[in-house]
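1. Predicted model and sequence below, questions to follow.
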Amino acid sequence: MSVFGIGLAYGIATLVVMFSGMPIAFALGAVAVVFMGIYMPTASLDTVTQNVYEEMASITLLSIPLFILKGAAIGKSRAGQDLYSALHAWLHRVPGGLGVANVFACALFAAMAGSSPATCSAIGSAGIPEMRKRGYSGGFAAGIIAAGGTLGILLPPSITMILFAVAAEKSLGRLFLAGIGPGLLLVSLFGAYAVIRFRREYAAAEAIYKNGGPEAPILTRDEYTLAERFSVLPRVIPFVLLLTGVMIALYGGYATPSETAGLGGLLALALIAMIYGVWRPSDLGPIMRSTIRESTMLMMIIGMSLLYSYVMSYLHISQSAAESIVAMHLPRWGLLFAILAMVIVLGFFLPPVSIILMTAPIILPPLRAANFDIIWFGVVMTIVMEMGLIHPPVGLNIFVIRNVAPDISLSEVIWGTLPFVLLMMAAVLLLCFVPEISTWLPDLVMGADGSR
């Protein structure tokens, strides 16, 4: 059979197995092993475990369970609620300040936890009820949290970026730095939309009230004294200092990513013990179980995805696909558009981890041939994958929000997230026209040649 035929069969088999409901890790592994048995030497089956181990024996990948530990420690405590409360107290005078506070809380929590679902759950459990109580529409409240949660895979430390750095063989520190500028851009866009949407809902409620209707909760304003605003800071500042310390250790060259992750995990455990009294075995049990469960699931997906990619490479499927893309002689930006469109479609069905590990062998060679900056592309691809977290049919963050706020209908959540999908598209376009948004900070900190 020709390489094209094998590749077509490989893709169809993958879709069939995935749509059967089998977990992604086992689906990818099963397809890879079957095609190894059919098209590769029999002896290759004896090396499956060795291949998976060798692919995963990366010191960079070691940081993943350690970052998950840090995120679980923070996510299982009241840190998210306290962070949200502090930001609301300081931003309450801004029109739509409650929505803006949720955006900033999501950004800061995402940077501390590195997980989109954890961010949605921790901030949403406190933020959504408060927004609903103050008259925000269900779709608006859900959209803010769902979109803010996506920042977990863009703002460092990001597990998705760790995997992209491994797949692309690029500097993880440089990739982390490249995500900060676009992350702040998205925070600004989300915050601006929150203000505009609030003013619109406020004006509608005010018009109803002036015409003799009831006074909607959105018309009431919270007031905090200066003493009350400062009183909420003591529980938040230590976690912000933790984030700052971890970033300094990583970018200052004092620790490797794995060492930084370990340091962050230990400090997070120490902080929740001191601030929230979470130190007993019964308190730490849920944190450890969550860490082990998520790490095992993620590492299984990584291992099987790498085996899947190895089989693609051995059978020359990825090389042939890359050559076919190059042979189409698409314009440089046409090539990028086609690749991002493919990532968007894959985002309908697959999580970011699988998308990166399955597509990297195919899309990176043509992008390098077209002289695209791979670090810059990693950031753009991450934003596009963020869209996949908040659009159907998979939309992981959508279903997290449904669990946090079951009173908000699924259709409301979906319609509430669509404006944020459009804002992410606008951010991608802006990055295409002004790539310096993602490149200036890595060049400043590490040098244009990555020497520092």
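-> Great, that's in hand. Worth saying up front: this structure is predicted, and the values here are computed from it rather than measured.
2. from memory Leu28 sits against Tyr10, does it?
-> No - with contact taken as CB atoms under 8 Å, Leu28 and Tyr10 are classed as non-touching, separated by 10.9 Å. Bear in mind the C-beta positions are built from the backbone N, C-alpha and C, glycine included.
3. Between the two, which is the more surrounded one?
-> Between Leu28 and Tyr10, Leu28 has the larger neighbour count (other CB atoms under 10 Å), namely 28 against 19.
4. Nearest residue to His391 in space, please, no chain neighbours.
-> Leaving aside its chain neighbours, His391 sits nearest to Val421 (5.7 Å; criterion: CB to CB, 6 or more residues apart in numbering).
5. element containing the one you found, please.
-> helix 410-433 (DSSP states H and E).
6. Where does Pro234 sit: helix, strand or coil?
-> coil (DSSP: H, G, I helix; E, B strand; the rest coil).
7. For the protein, give me the ranges with low pLDDT.
-> 55, 349, 393-394, 447-452 (pLDDT under 70).
8. so who does the most centrally placed residue in the chain touch?
-> When the chain is reduced to its mean C-alpha position, the nearest residue by CA atoms, centre = their mean turns out to be Ile153, at 2.2 Å. Contact partners of Ile153, counting by CB atoms under 8 Å, 6 or more residues apart in numbering, are Ser116, Ile159, Thr160, Met161, Pro352, Thr382, Met385, Glu386, Leu389.
9. thinking again about what came up before, heading C-terminal from the helix holding Val421, find the next helix or strand.
-> helix 436-446.
10. Which strands and helices lie in contact with that following helix?
-> helix 172-210, helix 374-389, helix 410-433 (3 or more CB pairs under 8 Å, 6 or more residues apart in numbering; DSSP states H and E).
11. Can you give the distance of it from its chain's centre?
-> Offset of helix 436-446 from its chain centre (CA atoms, centre = their mean, to the nearest Å): 21 Å.
12. got a list of contacts for that helix?
-> 171, 173-174, 177-182, 185, 251, 373, 375-376, 379-380, 430-431, 450, 452.
13. Sort out which residues of the helix or strand containing Ala249 are buried, please.
-> Counting by DSSP H and E, the element that carries Ala249 is helix 237-251. For helix 237-251, the neighbour count (16 or more other CB atoms under 10 Å) marks Pro238, Phe239, Leu242, Leu243, Val246, Met247, Ala249, Leu250, Tyr251 as buried.
14. so after it, what's the next helix or strand?
-> Past helix 237-251, the next helix or strand by DSSP H and E is helix 257-276.
15. Excluding covalently adjacent residues, which one is nearest to Gly277?
-> According to CB to CB, 6+ apart, the nearest residue to Gly277 is Asp283 (7.8 Å).
16. Run a quick neighbour tally on the one you found.
-> With other CB under 10 Å as criterion, Asp283 counts 15.
17. what's the angle from the host helix or strand of it to helix 257-276?
-> For Asp283, the host element (DSSP H and E) is helix 281-314. Interaxial angle, helix 281-314 versus helix 257-276 (axes from the mean of the first three to the mean of the last three CA atoms, to 10 degrees): 160 degrees.
18. residues touching Phe140, list them.
-> Applying CB under 8 Å, 6+ apart, the residues near Phe140 are Gly99, Met131, Arg197, Phe198, Glu201, Gly416.
19. Secondary structure element for the second one, which one?
-> In other words, Met131. helix 116-133.
20. List the buried residues of that helix.
-> Result for helix 116-133 [16+ other CB under 10 Å]: buried residues 116-128, 130-132.
21. what's the angle from that helix to helix 172-210?
-> Going by the same axes, to 10 degrees, helix 116-133 makes 20 degrees with helix 172-210.
22. Would you tell me what the next helix or strand after helix 116-133 is?
-> Next along the chain from helix 116-133, counting by DSSP H and E, comes helix 138-149.
23. Can I get that next one in PDB, CA atoms only?
-> Extracted in PDB, the C-alpha atoms of helix 138-149 (Å, rounded to 0.1, in the frame of the first residue of the first chain):
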ATOM      1  CA  GLY A 138     -26.100  34.200  32.900                       C
ATOM      2  CA  GLY A 139     -24.300  34.100  29.600                       C
ATOM      3  CA  PHE A 140     -22.200  37.200  30.400                       C
ATOM      4  CA  ALA A 141     -21.100  35.700  33.800                       C
ATOM      5  CA  ALA A 142     -20.300  32.300  32.300                       C
ATOM      6  CA  GLY A 143     -18.500  33.700  29.300                       C
ATOM      7  CA  ILE A 144     -16.100  35.800  31.400                       C
ATOM      8  CA  ILE A 145     -15.100  32.800  33.600                       C
ATOM      9  CA  ALA A 146     -14.900  30.300  30.700                       C
ATOM     10  CA  ALA A 147     -12.800  32.700  28.600                       C
ATOM     11  CA  GLY A 148     -10.600  33.800  31.500                       C
ATOM     12  CA  GLY A 149      -9.900  30.200  32.300                       C
END
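24. Which is the succeeding secondary structure element to that helix?
-> Next along the chain after helix 138-149, with elements defined by DSSP H and E, is helix 159-168.
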